[in-house]
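Undergrad: 3D model of this:
(2 chains)
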Amino acid sequence: MTVLDRPVERAPISKAKDWRFLGRSADFWLCATLTLIVLLVQGWNIAGYPTVFDDEGTYLAQAWAIDHGVGMAPYTYWFDHPPLAWIQLSALAWIPSMIFHAPGQIVVAYSRIIMLPFTAASSIFVYVLARRMKLPRWSAALAVALFGLCPLSVTLQREIFLDNVAVTWILAAFVLAYSPRKHLWHHVASGLCAAFAVLSKETMLLVVPALVVALWQNVHKDTRKYSLVGFIGAFILIGVQYPLYATLKGELYASGGRVSLWSGLKYQLTRPGSGSVFHCCPKPSDAYSVVHNWLFYDPILIVAGSVAVLLCLAFYDTRPVAIAGVILVLTVLRPSGYVPAMYVIGMLPFFALGIAGLSYRLVTFILTFRANPVFWQQITRLAMVAVLAFSGAFYVVPRWYHHDHDADSQNINTGYELAVEWIDSHIPHPGNARIVVDDTIWLDMVKDGFKPGRRDIYFFKLDVDPDVMTALVGTHEKYTNAWKTIEYVVQTPYMWENAPKVAGAVNTTWNLLNHSKVLWQYGNGKPDSTIFIRKVTPNS
Amino acid sequence: MLAVAVLVVSIVLFAMAFATLWWMMHAWRTPETLASTSFSKPVGETGLSFTLLLPIRHERQDVVENTVQKMLESSHDKFEIVIITGADDPETTGIAERLATIDPDRISTVIDPAPRNKSTGLNSALLSGKCHGDVIGVFDAEDVVHPDLLTHVDHAFRSESADVVQGGVQLLNFYSSWYSLRNCLEYFFWFRSRLHLQAEKGFITLGGNTVFVKRELLEPKRGSSEQWGWDETCLAEDCELGVRLSSAGKKVVVAYSPEMVTREETPDTITSFVKQRTRWNQGFLQVYKKGTWKRLPTNRQRWLARFTLSTPFYQAASGLAVPIGIAIGVFVKVPMVIAMISWMPAIPAFLVLAFEVAALRDFGKEYFGKDRADQTHRVRAIHYLKLIVSMPFFQILLMFAALRAVWRELRGRTNWELTEHVGAHLHVAASTSATTSV
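TA: Modelled structure (predicted):
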């Protein structure tokens, strides 16, 4: 009967020691301290390391476009990724420029501070999730430390990647699925967060089956069908907003020259594969290089994490997290799939939780397997655990400290900073001048005064975006002489490696690079490691 | 300008659809909440005596006889039945007197001298001096009452010190037609979930049967001009009683146990369904206009009262959510953000549909499952399909009934449109086994 004063059975509260400090529990202080440490390590020298990356600039430019009412992107949005991540970034992207606006402070580099809230949230969620998975406090703390302080994390979680935003949402979804009261609305919210994660980065779809398993483990048989229906309903209803948006724009399935959701999807699913991760000779496959790069930053989390998630499949409590990790690892190992460098970001929380879970199992095993309450036996077991813990620490900590120290002290973006400063001092009032750059400094050019889109041009749009080319040469002209309408080009290693090389077609970018003189450079002169500021010479 | 209008309408529709969803799903919010919606097991001796009022009008003998027989099988030891008929209905009065001869000690009859509606009948029973029980219970002519119901209600009164106990009523003939399917589910959500939230909030619109009230709260008091009994001018006298008692701070307890619900039938034609629904809607409107709820002490409670009494109307309006979204998307040119927002109300509307599908499975398992008595009807795939396809049509019916109620109220037409009972549910035997499971 429903009456407020009838005693209702509550879900059992964990019998944690009731230690409190300033009114907060031990869990709170542990989690808060760890999160603060992670933020400090990741935040220090955030603008200097790693090198600004073109993708970061692209996403930030798209957030800029939303902030300035231009649309979903500065150029035509072509549905390459669902836009929810940079919609969220647009809420924060205007803040860093208010604080860091000197010419040498590259917009992309300093805007990385907007990733710190996502890192903080993710760290907290990792802790809470570990505790809700019934891991002890030390294991949860280990999970957060692994997740936030690993050199891979420190490097990649600072960068403005969609994956970082998506990871925060998928972790929120897991935390909600593990609702201790098995609350229906928490489960519905979990579906909502999962949809947000997928709409931030579509690769999170791979993790959703693991989330369903997590939900299944955490429902009560009387309310199970409602929780599942609510979860799936919320997930689908929010997920469908993306095709709805495309439909309302008339771009769900278009033909001719128009962009469409369908073609964006097709592009992502049929991208040329990166090859097998094992293919190293004679020429390393892309996948091999990518994985090798990850292993350079930190082999420990990847190797130990992969093993841990595999072994954790065997244990009920850690199974959902293990399933997520295993699915992601198997996807990397596909010989024909496309593996981008930031893919590992999605794997980090599951590796961390897997290792934490496995450590707990190992320690419990050592301490309790056929244990007798004999003093010297117990001491021996404790000693074994201590030895394992210390040897692990002695192996891992120095390596991580070394890499993290680099991250927190080296400034490897000096070249870009000096380039932007040079442009600011030598081209103070660009007027209608045109400059071609990659997205790392596209926003800085806007800051300098170049008109965004048609005067400040992202090199990838040359020859492929009709709107851009029309602005250069008019509607019916060929693009062969488009390069002559541009005044400047900033050649970066990224541009040099990625400028389109289609035989028999017009390559405006190459025309620019071949018909210009160097005004300024930073580096040893080799195009794969030097930044050149070039003035286009139309008569050459 | 148009954009602003679309935005406002979308936000309002979203709020209504979300409120419908939230209140609908109250019982299942946690396993503990679900467990608390059932009757608790009676312990100890029974303590109260019951008078069961059974107003009948133009009924068939077999229907009423079945009801009375079932009541007599109750396991409770202290109860009496009072059958009420109208002075203008000699045929049914004859049926009542014949039934009274089955057990003259426990069954008596009352004739309402000036029959206008159910309330006049019930009130004349109160005045007749034939009600001797501590608690007055009300049942309808076609109700199938579970033998253990009175014992459980007795325990509920005493353990919770309640003034009112509302038991569960369930329509069972989901197979009769597409709207009866939805009607059954409506009752399922109402008695399983929504009423409990109303009780928790302290403002409840009672149902018309399987409701038990302490006699002292209903009988007229000497020398007092305070309203007693049921309101004879109101079409939803049950709702009005609940509002009056809640506003006076009386404690209402709601309990729903599947094995002990009172089984009822849906109206057998769409016209009668619409008439019944119009009557209820109009009744809610009358209660609102009457203003008894204004006696509630706090502002928050009064807003809750307004909200609860407008339930049928915003429920009907929330059916506009999806069609409006589609219409705007197709016909109206507004900024993309506004267009996306105009589709937002569809999200809770479709979630409601999803939960209805889950509830249909629950309903099927509880009442027609493998271990239940009635195996002639099963909830099959076709029923789920009917459920999904009929959503817009049912919403149209509800909206029509809501509008008709407003129209009739404005025109001052307050006569009682009677619904016929054909006993469509009587082939369903009462179940005997206990708990609900998924």
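
Undergrad: Now do the contacts for B:Val145.
TA: B:67, B:70-71, B:74, B:139, B:210, B:262 (Cβ atoms under 8 Å, 6 or more residues apart in numbering or on different chains). C-beta coordinates here come from the backbone N, C-alpha and C atoms, glycine included.

Undergrad: if we go to 10 Å?
TA: B:52, B:67-74, B:137, B:139, B:167, B:209-210, B:260-263, B:430 (Cβ atoms under 10 Å, 6 or more residues apart in numbering or on different chains).

Undergrad: What helix or strand is A:Ser227 located in?
TA: helix A:224-239 (DSSP states H and E).

Undergrad: returning to what we had before: tell me which of the contacts of B:Val145 fall in strands.
TA: Using DSSP state E, the subset of these located in strands is B:52, B:137, B:262-263.

Undergrad: Compare these and tell me which has the most neighbours.
TA: Counting neighbours by other Cβ atoms under 10 Å in any protein chain shown, the top entry in the ones in strands among the contacts of B:Val145 is B:Leu52, with 26 neighbours.

Undergrad: Provide a list of residues in contact with it.
TA: B:Leu52 makes contacts with B:67-68, B:71, B:74, B:79-83, B:106-107, B:131, B:133, B:135-139, B:143, B:145, B:150, B:212, as judged by Cβ under 10 Å, 6+ apart.

Undergrad: if we go to 6 Å?
TA: B:Leu52 is in contact with B:81, B:137, B:139, counting by Cβ atoms under 6 Å, 6 or more residues apart in numbering or on different chains.

Undergrad: Save those residues as CSV, and put in pLDDT and distance to A:Asp408 too.
TA: Shown next, in CSV, are those (pLDDT from 0 to 100; distance: Cβ to Cβ, whole Å):
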residue, pLDDT, distance to A:Asp408
B:Ile81, 94, 85
B:Gly137, 94, 76
B:Phe139, 92, 78
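
Undergrad: Okay, strands next: where are they in the stretch 151-300 of chain B?
TA: B:164-166, B:169-171, B:211-214, B:252-254, B:262-264 (DSSP state E, counting those that start in this stretch).

Undergrad: Which ChimeraX command selects the buried ones in the contacts of B:Val145?
TA: Applying 16 or more other Cβ atoms under 10 Å in any protein chain shown to the contacts of B:Val145 leaves a buried subset, and the ChimeraX line that selects it is:
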select /B:52,67,68,70,71,74,137,139,167,209,210,260,261,262,263,430
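
Undergrad: Adding mean pLDDT and distance to chain A as columns, could you present the strands of the stretch 151-300 of chain B in CSV?
TA: Shown next, in CSV, are these (pLDDT from 0 to 100; distance: least, Cβ to the nearest Cβ, whole Å):
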stretch, mean pLDDT, distance to chain A
strand B:164-166, 94, 8
strand B:169-171, 90, 16
strand B:211-214, 94, 12
strand B:252-254, 93, 5
strand B:262-264, 84, 16
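
Undergrad: Now distance to A:Leu295 too, for the ones you listed, in CSV please.
TA: As requested, the strands of the stretch 151-300 of chain B are exported to CSV (distance: least, Cβ to Cβ, whole Å):
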stretch, distance to A:Leu295
strand B:164-166, 67
strand B:169-171, 64
strand B:211-214, 72
strand B:252-254, 63
strand B:262-264, 69
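
Undergrad: For the strand or helix carrying A:Leu142, which outside residues touch it?
TA: Using DSSP H and E, A:Leu142 maps to helix A:137-149. Contact with helix A:137-149 is made by A:30, A:34, A:38, A:41, A:123, A:126-127, A:130-131, A:348-349, A:352-353, A:355-356, A:360, as judged by Cβ under 6 Å, 6+ apart.

Undergrad: Going by proximity to chain A, name the top residue of the stretch 1-150 of chain B.
TA: B:Pro31 (3.9 Å; Cβ to the nearest Cβ).

Undergrad: Next, give phi and psi for the one residue in the stretch 401-540 of chain A that gets nearest to chain B.
TA: Closest contact between the stretch 401-540 of chain A and chain B, by Cβ to the nearest Cβ, is at A:Asp467 (18.7 Å). A:Asp467 has phi and psi values of phi -60, psi -40 when expressed as degrees, to the nearest 10.

Undergrad: now A:Leu184
TA: Dihedral angles of A:Leu184 (phi, psi; degrees, to the nearest 10) stand at phi -60, psi -40.

Undergrad: How many residues are close by it?
TA: 27.

Undergrad: what sits against it?
TA: A:226-227, B:28-29.

Undergrad: In these, find the pair that's most separated.
TA: Maximum pairwise distance among the contacts of A:Leu184 (Cβ to Cβ): 10.3 Å, between A:Ser227 and B:Arg29.

Undergrad: what about those two, which has more around it?
TA: Between A:Ser227 and B:Arg29, A:Ser227 has the larger neighbour count (other Cβ under 10 Å), namely 27 against 20.

Undergrad: and the more buried one, what does it touch?
TA: Per Cβ under 6 Å, 6+ apart, neighbours of A:Ser227: A:184, A:187, A:219.

Undergrad: How about B:Arg277?
TA: Contacts of B:Arg277 (Cβ under 6 Å, 6+ apart): B:Ala401.
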